[in-house]
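Trainee: Build me a model from this:
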Amino acid sequence: MESTKTHKVKDGPTNIGIAVDSDVVIERSVEEAETKNERLEAVQSESEKQNAFIMDFPDGGARAWSVAAGAAGVLFCTFGYINAFGGSIGTSQLPFDFSRLFNHRPSFTDNALFENWPQLTIYSGVYQEYYQTHQLSHRTPSDISWIGSLQVFFLFSGSAVGGPLFDRYGGRTIWPAALLYVFSVMMTSLCKEYYQFMLAQGILGGVATGMTMAPGMTAVGQYFNKKRGAAMGITVAGSSVGGVIFPIALAKMFANPKLGFGWSVRIIGFIMLAVLGISCTTIRARLPPRKKSFFLPAAFKELPYITLLFSAFLMILGVFIPIFYLPSYAVQYGMSTELASYLVSILNGASFFGRVIPGILADKIGRLNMLCAVGVSTGILVFCWQSITSNAGIIVFAAIYGFCSGAIVSLVTLCLAMVPKNPQNIGTYMGMGMFVTAFAALIGPPINGALVERYHSFHQVADFSGVVVLVGGLSVLVIKVVEGGILKKV
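Mentor: Here you go, the predicted model:
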């Protein structure tokens, strides 16, 4: 009996202890599972809330529209100001009346015209004209034009830095870029040597322009979705206003001996400081910073993105060429140099409406649809350019072409912003895309200049520009097929 009792006593507590330990383990396991589920649900809930917030675009309201207005101010000071390097024809570059060379209306292939080709400066802007007659009179027009060409190139390529910076660090990144940009303008006012202009205005000014411009456009993409076309159009239209005002203002101030070059440029710099100060205050990121890598190389594996870049490259390659050559072309056909000097202002003025109206329509009929239509229309219009010779016809062409070319610039940016599925990547996608198009803006004018020099005719220039813009517009159809069909609203 004692043995049995002892066994029971030994066995009993042991069994009970095991049972108790098992219950505790089970209870703990259940509690841990419940805790993990709760945490998982909490994480999922938080993730869902964050995703819902990211995709919940305001599409209006005081805050959103103030961001768009601020971004328009940035474009006014950056892209609009760059137009001053190429804004008009100066009579000092045209030492004789071309109409005297001909007993008839000149044609593209008149040898008399091209025998005097070195005396003709194509698309001479306010800065280019002033440099040729003052600080850089010992340099060739081609040398001077490289200052503006590099500024445009670095404007686009600088966006490849400004866009990702905004995605990762938010609106505070625009302040140092804007101050650097104003600094470049102030340094330009002190320049006297060619290398100084190249560094201050061409390189530093271009990079700072891109880094300032990209955050503003990215911020608009974060606040708008359904109305993004209208908002982006209004934003880019700021550059059209600047393209009209800055060349005229600078030309008037340069002509004032009391101001001279230095104070004329510094006055522009102070105006920019005020406008950018207000604009940068209104531009804020809506979304939390992206914590992934600075660039997103995986984007180049997305067929819609690389197709859109191909299309944008071709359109940017050809769309600016008629703007470069139109004033000189008009003078050759009998237009006075004074009237021809206003053609680029007419182009810029018309581009204001070309950036706003197609943007509004794009929200209704589809952004890719609108880009395709505008690209094809612009390509056809360039082919028509060759047959327009009267003053009235050239002026009408300038207005229509300004509308269409302005729409291309606005819609390319708009379509780049619609590719990323996560709005936190808009700046990076736009920046990388603009970097690619920078090379198109850089090589386009030299290619067409070589065509003019080789063939002594504008036919090849018009044909080249028309073909590349037309092919670029039609390439958008590939994206439409990938996204769901030709007739789909995309």
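
Trainee: show me what contacts residue 482?
Mentor: 303-304, 307 (Cβ atoms under 8 Å, 6 or more residues apart in numbering). To be clear about C-beta, it is placed using only N, CA and C from the backbone, and glycine gets the same treatment.

Trainee: Relative to residue 469, how far out is it?
Mentor: Per Cβ to Cβ, to the nearest Å, residue 482 is found 22 Å from residue 469.

Trainee: Can you verify my assumption that residue 234 contacts residue 359?
Mentor: Yes: the criterion here is Cβ atoms under 8 Å, and residue 234 meets it with residue 359 at 7.4 Å.

Trainee: Give me the more crowded residue out of these two.
Mentor: residue 359 (27 against 23; other Cβ atoms under 10 Å).

Trainee: For that one, give its distance to residue 438.
Mentor: Note on residue 359: its distance to residue 438, by Cβ to Cβ, is 23 Å.

Trainee: for residue 348, same thing?
Mentor: According to Cβ to Cβ, residue 348 and residue 438 sit 21 Å apart.

Trainee: so where's the chain uncertain?
Mentor: For the chain, the stretches flagged by pLDDT under 70 are 1-50, 86-125, 484-490.

Trainee: how's the protein carved up into domains?
Mentor: 1-45, 60-483 (automatic domain parsing).

Trainee: Select, out of those, the one closest to residue 51.
Mentor: Shortest distance between residue 51 and the domains of the chain, using Cβ to Cβ, is found for domain 60-483: 9.1 Å.

Trainee: Pull up the distance across that closest one, start to finish.
Mentor: One end of domain 60-483 to the other measures 27 Å (Cα to Cα, to the nearest Å).

Trainee: which residues touch the nearest residue to residue 212 once chain neighbours are set aside?
Mentor: Excluding the flanking residues, the one nearest residue 212 by Cβ to Cβ, 6 or more residues apart in numbering is residue 177, at 4.3 Å. The neighbourhood of residue 177, defined by Cβ under 8 Å, 6+ apart, consists of 162, 208, 211-212, 215.

Trainee: repeat that for 7 Å
Mentor: Contact partners of residue 177, counting by Cβ atoms under 7 Å, 6 or more residues apart in numbering, are 162, 208, 211-212.

Trainee: Find the pair from the residues you listed with maximum spatial separation.
Mentor: Greatest spatial distance in the contacts of residue 177: 162 and 208, 9.3 Å, computed using Cβ to Cβ.

Trainee: Between the two, which is the more surrounded one?
Mentor: Each of residue 162 and residue 208 has its neighbours counted (other Cβ under 10 Å); residue 162 has more, 28 against 25.

Trainee: Quick check: that one touching residue 432?
Mentor: No: under the criterion of Cβ atoms under 7 Å, residue 162 is not in contact with residue 432, lying 11.4 Å apart.

Trainee: any idea how far residue 262 is from residue 235?
Mentor: Taken as Cβ to Cβ, the span from residue 262 to residue 235 is 32 Å.
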